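S.K.: from the sequence below, what's the structure:
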Amino acid sequence: MTTESKTATVRPVSVSLKKKSRCLVLEYPDGNSFSLGCELLRVYSPSAEVRGHGPGQEILQTGKENVNIDTVEPVGSYALKLCFDDGHSSGIYTWDYLYQLGENQERHWQSYLSALEKAGYTRQIQ
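M.R.: Now for the predicted structure:
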């Protein structure tokens, strides 16, 4: 007997970069659509530069309020590489990770704002 995994990869049917509004819009076959802000994508980059090399090694990203995405590049059939205008381009955003960010966008955003406040930083460049 087989069961469908809850974490089955959900690949978007459409990916659009909206530079003016600084967001990446992903539309899915299940009817969901997410507009992910460039700042959120940048501060939650799956790169080692942001996440560190293990638990507790995350590096809080600050001053990213006006960050934008310069280019979006496919990585095989499983992910996107986002190249940001601040030079960051080492994160590989899998389809699963992007969907999870979309589903939990508000929780991630509030967590980021809380971490900034706790550390005494802001979203603005200082």
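
S.K.: quick one, strands of the protein?
M.R.: With strands called from DSSP state E, the chain shows them at 14-18, 23-27, 33-37, 69-75, 79-84, 92-94.

S.K.: mind putting these into TSV with mean pLDDT, distance to A119 and mean neighbour count?
M.R.: C-beta: built from backbone N, CA, C; applies to glycine. Shown next, in TSV, are the strands of the chain (pLDDT from 0 to 100; distance: least, C-beta to C-beta, whole Å; neighbours: other C-beta atoms under 10 Å):
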stretch	mean pLDDT	distance to A119	mean neighbour count
strand 14-18	98	30	13
strand 23-27	98	25	20
strand 33-37	98	20	16
strand 69-75	98	25	13
strand 79-84	98	21	19
strand 92-94	98	25	18
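
S.K.: so which of those strands gets nearest P46?
M.R.: P46 lies closest to strand 92-94 among the strands of the chain, at 6.2 Å (C-beta to C-beta).

S.K.: partners of the closest one in the sheet?
M.R.: Taking DSSP bridges as the criterion, strand 92-94 forms sheet pairs with strand 79-84 (antiparallel).

S.K.: from the chain's centroid, how far away is the partner strand?
M.R.: Offset of strand 79-84 from its chain centre (C-alpha atoms, centre = their mean, to the nearest Å): 9 Å.

S.K.: got it, and stretch 25-40?
M.R.: Averaging C-alpha positions (C-alpha atoms, centre = their mean) puts stretch 25-40 10 Å from its chain's average.
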